[in-house]
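Asks: Predicted model, plus sequence, below.
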Amino acid sequence: MFNSNDLTERARRIPFAPFRIRTSGDEEFDVTHPENIWVGRREVQIGITLPDDPIHYDRTVRVAIMHITSIRDLPVAHPAQGGNGVPT
């Protein structure tokens, strides 16, 4: 079971790694940018992006945190990185 701290930690990870949230209703939501997720105490609001613009959201959905069943990394291309692991 996940809580708001788990989601906040994931969204603030440096460097940010896109991830997928899966719910008990078998819905999946991709978080492709740290500014596209807003974590509350009992729910999370996720900005849904379009394929041609993974930064700006087109619409949002609300998900009760108690219904989140998994959080998994999305595959990403590996950009060149500096010594601290942050992309250059």
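Replies: Thanks, I have the structure now.
Asks: Below-threshold pLDDT in this protein: ranges please.
Replies: 77-88 (pLDDT under 70).
Asks: Helices of that one, residue ranges please.
Replies: 4-11 (DSSP state H).
Asks: Does Glu43 touch Ile65 like I think?
Replies: Yes: using Cβ atoms under 8 Å, Glu43 is in contact with Ile65, at 6.0 Å. The C-beta positions use only the backbone N, C-alpha and C, and glycine is treated the same way.
Asks: Now do the contacts for Glu28.
Replies: Neighbour list for Glu28: 20-22 [criterion: Cβ atoms under 8 Å, 6 or more residues apart in numbering].
Asks: Next: Pro18.
Replies: 30-33, 54, 73-74, 76.
Asks: which of those residues has the most neighbours?
Replies: Sorting the contacts of Pro18 by how many neighbours each has (other Cβ atoms under 10 Å) puts Val31 first, at 24 neighbours.
Asks: got a list of what that one touches?
Replies: Residues counted as contacts of Val31 (Cβ under 8 Å, 6+ apart) are 11, 18-21, 37, 46.
Asks: Which strand residues bridge it?
Replies: Phe19 (DSSP bridges).
Asks: So which of the contacts of Val31 wins on neighbours?
Replies: Among the contacts of Val31, the one with the most neighbours (other Cβ under 10 Å) is Ile21, at 24 neighbours.
Asks: measure that one to Glu35 for me?
Replies: 16 Å (Cβ to Cβ, to the nearest Å).
Asks: So which of Glu43 and Ile65 has more stuff around it?
Replies: Set Glu43 next to Ile65 and count neighbours by other Cβ under 10 Å: Ile65 wins out with 19 against 16.
Asks: Tell me which two in the contacts of Val31 are the farthest apart.
Replies: Largest separation among those by Cβ to Cβ: Ala11 and Arg20, giving 13.2 Å.
Asks: sorry, back to before: in a markdown table: the contacts of Pro18, plus distance to Val61.
Replies: Below are the contacts of Pro18 laid out as a markdown table (distance: Cβ to Cβ, whole Å):
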| residue | distance to Val61 |
| --- | --- |
| Asp30 | 11 |
| Val31 | 11 |
| Thr32 | 14 |
| His33 | 15 |
| Pro54 | 16 |
| Asp73 | 20 |
| Leu74 | 17 |
| Val76 | 22 |
